[in-house]
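K.L.:
A predicted structure for the sequence below; I have some questions about it.
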Amino acid sequence: MDTLIADLKVQIATQLKIKNIKPEDIGDDEPLFGGGLGLDSLDVLELIVLLRQKYKLKISNAEDGQHVFRSVRSMAEFIKSNQVQNQ
Amino acid sequence: MKAYIRSAVSISPQNTFDNSSFLNGLAEYQGNRLNCIEPDYNEIIAPKLNRRMSRLIKMSAACALTCLKDAGITSPDAIITGTAYGCLEDTGIFLTSVIEQDEEPLTPTAFVQSTHNTAGAQIALLIKCNYYNNTFVSGGVSFENALLDALMLLSENEQANILAGGMDEITDISHTILSRTGLYKHGPVSNTNLFLLNSKGTIGGEGAAFFLLASKPSEHNLANIDAVATFYKPADITETAQHISSFLAAQCISASDIDLFITGNNGDAKHDKVFAQLQQLLFDRVPSANYKNLCGEYPTSTAFALWMAANIVKANSIPAILGHTGVTKNKINKVLIYNHYQNIYHSLILISAC
Amino acid sequence: MSTVVFVAGAGVITGIGNNVPGCVDALEQGKTGIDTIKYLQTNHRGQLPVAEVKLSNDELAAISGFSPSASRNVMLSMIAAKEALDNSGIKDIPDLRTGFVSATTVAGMDKTEKFFADFLPDHSKGKLRDLRYHECGNITAMVAEKLGIRHYMSTISTACSSSANAIMYGARLIKHNVLDAVIAGGTEALTKFTLNGFNTLMILDEQLCQPFDENRRGLNLGEGAGYLALVSERVAELLKANLYCALTGYCNVNDAYHQTASSPEGDGPYWAMSGALKMSGLQPADIGYINLHGTGTQNNDSSEGTAIKRLFHPRYPKLSSTKSFTGHTLGASAGIEAVFSALAVQRGLIYPNLHLQTPIKEFAFIPESGFSTDPELKNVLSNSVGFGGNCSSLIFSKL
């Protein structure tokens, strides 16, 4: 789980071009949206593509993404539980 | 329809953004591509807000924000931009991914930022400006269209403060493609010897320049825009001369009243012939200066020329690096900028001292 | 400065018809132009419905006079602009300063895509002539030349509000006595670039779109072109028999809320509508019909609806989104809808909002479900909202 969280932070920072905060400084439970990262609805769509390209996971509409993208940890949990299901 | 230029800011291949010493020394380039000298954008636009912005958007937003600051205005009554190519970088990114990934799921940001109004819209968003917002994409006269719109708005509302700008960028893809079309010189070339080669082609350039325009005078105004006009594919030099003469006549002046004639010579022998002929026909005693050795050729280069002309009028002196010819008067009152883009789009901008 | 600008001609081509009579016929009969993809070369064929103009490139070339290898964008523009110019009668008046102001968002992207497919693997490949249509301004210039218009041309690109701004700018050129007559509007062809672009935003409906429905799922893209012939008061005097209506109000604002989303309060469309009303000297109650921007996305319809509620409650005019017929034609949409609005006010036509099942619960108004006529229709409002917060409204009034 910790490796997944660390990987995710780097992937998120790259995909969303976050340059003012180091990936490792993003808190595991820090809110991705509405917090200090300044992310918005366009970033939700970027994250949906990230999950699809890197983890082969599909989220079919932006609303469903809201709980998944609450924090890095919630994303990691979503990936863990769905990848298990897929296997 | 007149406008005072209250502030002017340019990012160009020269050291223009920090304008503390106006064009004091030429930034020299070898080869046919002049890229902008860019500031540290994080000092001008918060990193959180600029993370998604392409280079063109950052250049435009940095010029716009600085222009407003210099004029002491927090929010203008209109934002008008002109760009021929628009957001080439993001367009290239999205188009490449559509083709290379064969329409598989793609990311949206480059698509959203590929629209031509991105610069004008991002500036509005940064300063929360809810008023008039327009973007002209009229090829080689995109910036002139933006200026004409600004002049009309000022005559509709005398109180208005208008932010107007022109911008275009070079990307690796656009430079490759424009090279293939024969626009640029082959072989060794430098912006220092651009006008000595007498060969085919020019050098590519890019830039952003923004202006705060108002109809009311203020002590800091740089210059006054008297008139703007454009014409398209003139049949011959006679028609071009006619357009220019009637443009001047409409301002109740003649060619001899022009103190400096700034021309769009770009080093391409065929392209520049028009300017040489005109100089002979109309402006034989008028001092002239070039500008594309400083910024390179691009469709909204006249925004750079206007920035330069406004500073010349304000300083009442012509920087040595322009290599101007002819004897200048003691006071530079009227400057005419005449440019043509590939002999298709022609434009005239007349400015005068305040 | 003169104050009134008149509409003397109209031209349109969309998925529901290739000219004004064809489109009006489909609007009256409630026949949508949205269908499965036939002409656009894309992997999304069969999955994403769109409103294509029902003509191949060869057929468009034959009508427009362009080569079949030209971009669809320039051919659509030519066909609609020529119709507007021809039926305005302004060609019969000598020595007019006539201009062409056109809008588009992706211009000849269809041909750029073709170029890029060859260029990307090998930068020395790809036919350069396919790139002649890439710059928006080039499309305008090519059509202007064929129309016989030379010096006065301009191109505007403000995303989905583009052609409303072209019409505004054209009207202002007339008011400032720069021109006597202007063909103003916009053009857009379907491309892989825009179809995939909107697909990344997850706002494309895989079924027929249902603007202003509680259960709306998104928009369908469309293509087409629409232009009005605008004339000065002096020219209008000479053309009396030919006039459609007057353009009495317009307003351009920026929502400045988000790059793609509209503010939940509908500030942008509210200011645009209010500004246009103020300019025309009308009250909300004077508006008889609103041609909605109505894309069918959750965000647009809720934001635009809120703006309408703020301005019109409790007395709502009739309203509908004709995008349920034509799809969302992006840079052309405001031009096409300006043509529909000018015809509505001239002939007293009220268009239906197709596929409406459940009106949005939070609003007290219900879009028109069927076609009707209203001889008393005096003023029509047309809304446009675009990426980047660009919002514009136009008002057309009976003469």
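P.N.:
Thanks, I have the structure now.
K.L.:
residue numbers of chain C in contact with chain A?
P.N.:
Within chain C, the positions near chain A by C-beta under 8 Å from any C-beta of the partner chain are C:200-202, C:258-261. Heads up, the C-betas are built off the backbone N, CA and C, glycines and all.
K.L.:
filter these to the buried ones?
P.N.:
Buried residues within those, counting neighbours by 16 or more other C-beta atoms under 10 Å in any protein chain shown: C:200-202, C:258-261.
K.L.:
near chain B too, which of those residues?
P.N.:
Among those, the ones lying close to chain B by the criterion of C-beta under 8 Å from any C-beta are C:200-201, C:258-260.
K.L.:
what is the nearest of these to chain B?
P.N.:
The closest of those to chain B turns out to be C:Thr200 (C-beta to the nearest C-beta; 3.8 Å).
K.L.:
burial of the residue nearest to the closest one when sequence neighbours are not counted, as a residue count?
P.N.:
In space, and not counting its chain neighbours, C:Thr200 is closest to B:Pro108: 3.8 Å by C-beta to C-beta, 6 or more residues apart in numbering or on different chains. Here the number of neighbours of B:Pro108 (other C-beta atoms under 10 Å in any protein chain shown) works out to 26.
K.L.:
neighbours of C:Thr155, how many?
P.N.:
Neighbourhood size, C:Thr155 [other C-beta under 10 Å]: 33.
K.L.:
element containing it, please.
P.N.:
Element membership for C:Thr155 (DSSP states H and E) is strand C:153-156.
K.L.:
is that strand anywhere near chain B?
P.N.:
Yes. Judged by C-beta under 8 Å from any C-beta, strand C:153-156 comes into contact with chain B through C:153-156.
K.L.:
need the residues of the stretch 51-200 of chain B near chain A, please.
P.N.:
So the stretch 51-200 of chain B meets chain A at B:51-52, B:105-109, B:112 (C-beta under 8 Å from any C-beta).
K.L.:
just the ones of these in strands?
P.N.:
Secondary structure assignment (DSSP state E) places none of these within strands.
K.L.:
which two from those end up farthest apart in space?
P.N.:
The largest separation in these, counting by C-beta to C-beta, is between B:Arg51 and B:Pro105 at 22.1 Å.
K.L.:
who has more neighbours out of those two?
P.N.:
B:Arg51 (18 against 15).
K.L.:
can you tell me which residues contact the more buried one?
P.N.:
The contact partners of B:Arg51, taken as C-beta atoms under 8 Å, 6 or more residues apart in numbering or on different chains, are A:16-20, A:38.
K.L.:
of the residues you listed, buried ones?
P.N.:
Buried subset of the contacts of B:Arg51 (neighbour count, 16+ other C-beta under 10 Å): A:16, A:18, A:38.
K.L.:
do you know how far the closest residue to the last one other than its chain neighbours is from chain C?
P.N.:
When the adjacent residues along the chain are set aside, A:Gly38 lies closest to B:Lys48, with 3.8 Å between them (C-beta to C-beta, 6+ apart). Per C-beta to the nearest C-beta, to the nearest Å, B:Lys48 is found 14 Å from chain C.
K.L.:
and the helix or strand hosting B:Lys48, what does it pack onto?
P.N.:
Assigned by DSSP H and E, B:Lys48 belongs to helix B:47-50. Where contact means 3 or more C-beta pairs under 8 Å, 6 or more residues apart in numbering or on different chains; DSSP states H and E, helix B:47-50 is not packed against any helix or strand.
K.L.:
hmm, try it at 10 Å
P.N.:
Packing contacts for helix B:47-50, counted by 3 or more C-beta pairs under 10 Å, 6 or more residues apart in numbering or on different chains; DSSP states H and E, involve helix B:55-71, helix B:118-127.
K.L.:
export the ones next to chain B among the buried ones among the residues of chain C next to chain A as a markdown table, with columns for secondary structure, pLDDT and distance to C:Phe100.
P.N.:
A markdown table is the format used below for those (DSSP: H, G, I helix; E, B strand; the rest coil; pLDDT from 0 to 100; distance: C-beta to C-beta, whole Å):
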| residue | secondary structure | pLDDT | distance to C:Phe100 |
| --- | --- | --- | --- |
| C:Thr200 | helix | 94 | 33 |
| C:Leu201 | coil | 94 | 32 |
| C:His258 | coil | 91 | 33 |
| C:Gln259 | coil | 87 | 30 |
| C:Thr260 | coil | 87 | 30 |
